[in-house]
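>>> Show me the folded form of this:
(one chain, ligands or ions: 1)
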Amino acid sequence: MRRIDVITLFPEWVESLKGLGVTGRAMAQGTISLHCWNPRDFTEDVHRSVDDRPYGGGPGMVMRPEPLARCIEAVLAEDIAAPVSFLGPQGRVLDHDGVSELAGRARLILLCGRYEGVDERVLQTLVDEEWSIGDYVLSGGEPAAAVVMDAVIRQQPGVLGHEESALRDSFVGGRLDCPHYTRPASWRSRDVPEVLLSGDHARIERWRLAEALHRTRQQRPDLLARYPVSEVERAAAKKLGSEKGA
Ligand SMILES: CN(C)c1ccccc1CNc1ccc(C(N)=O)cn1
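Numbers count the residues shown, from 1 in each chain. Now for the predicted structure:
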């Protein structure tokens, strides 16, 4: 991922991502460039109107096709080709596999809808795919675009402090994360599991694998169905069990 273009009526929403956290660092490092485009800059009327009343009546407004199309075409005219991805409730629901797919691309073009949505003819002629961050309705696509960007950017090599933390993140390999602890070793009479203080890194790794498996089995059996228990996990859980008995 080299470049992300976001088409939005609220560029300040997206600009705010440039300043903070993982996304901010990736942009500061120059790993990723973020470009905002506002359809309002592509209106041709004095009122710079980007929305209009819906044909067939009904509440709210719809985003007008012409300014949006001109904006999308301006984005496509710059830099390398990339699919136009629309954020909307009808889209493919984003999961770890979807994030990996998007993270593998050189460029993302994210279209954020507002009002009641976008004129269908723009979706038919200029949008290649639709992504949803879950089965719920937002007042605009910007929060969904922010979620996609964060998830994709943290997958980029060199962006996170420790490469492996992205690997062990929840959902990699279809597993939830293991528990985390830091000082003090005893806190309000609750002790850190002694294995983590043992310095036995192989045993600690086995414990973490077994805990992630246990949690996944408890919280998300659907993930186990999709990503069956591996030999390594089985061996880890078994060895751990025998040690506990030891
Ligand atoms: C304004 N609305 C209702 C709308 C209508 C149609 C398309 C887009 C939007 C923008 N809203 C979104 C966007 C994404 C998601 C999601 N689940 O990813 C939820 N809502």
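>>> What is the subsequent helix or strand relative to the least confident helix or strand in the chain by mean pLDDT?
Across the helices and strands of the chain, mean confidence by mean pLDDT, DSSP states H and E is lowest for helix 163-168: a mean of 58. Next along the chain after helix 163-168, taking DSSP states H and E as the criterion, comes strand 186-187.
>>> Moving C-terminal from that following strand, which element do we reach first?
strand 190-191.
>>> Quick one: name whatever helix or strand follows that next one.
Next element after strand 190-191 (DSSP H and E): helix 201-219.
>>> After that following helix, which helix or strand is next?
helix 221-226.
>>> I would like the residues contacting the helix or strand following that next one, please.
Per DSSP H and E, the first helix or strand lying C-terminal to helix 221-226 is helix 231-245. Residues outside helix 231-245 that contact it (C-beta atoms under 8 Å, 6 or more residues apart in numbering): R203, E205, R206, W207, L209, A210, L213. (Each C-beta comes from the backbone N, C-alpha and C, glycine too.)
>>> what's the spacing between the third one and K239?
Using C-beta to C-beta, to the nearest Å, R206 is found at 6 Å from K239.
>>> More neighbours: these two, which one.
R206 (21 against 14; other C-beta atoms under 10 Å).
>>> got the contact list for that one?
A236, K239, L240.
>>> burial count for V46?
6.
>>> same thing with the one 5 residues further on?
As a burial measure, the neighbour count of D51 was computed by other C-beta under 10 Å and equals 19.
>>> now V84
20.
>>> quick check: longest strand of this structure.
Of all the elements of type strand in the chain, the one with the most residues (DSSP state E) is strand 84-93.
>>> Can you list the buried residues in it?
By neighbour count with 16 or more other C-beta atoms under 10 Å, strand 84-93 contains the buried residues V84, S85, F86, L87, G88, P89, G91.
>>> Just name the closest of the residues you listed to Q155, please.
Nearest to Q155 among those: S85, at 15.9 Å, using C-beta to C-beta.
>>> dump the residue contacts of the closest one.
S85 neighbours (C-beta under 8 Å, 6+ apart): L102, L108, I109, L110, L111, V127, D128, E129, E130, W131, V148.
>>> anything in whichever helix or strand the third one is part of near the ligand?
Which is I109. Secondary structure assignment for I109, by DSSP H and E: strand 107-112. No - Strand 107-112 lies out of reach of the ligand by C-beta under 6 Å from any ligand atom, never closer than 7.0 Å.
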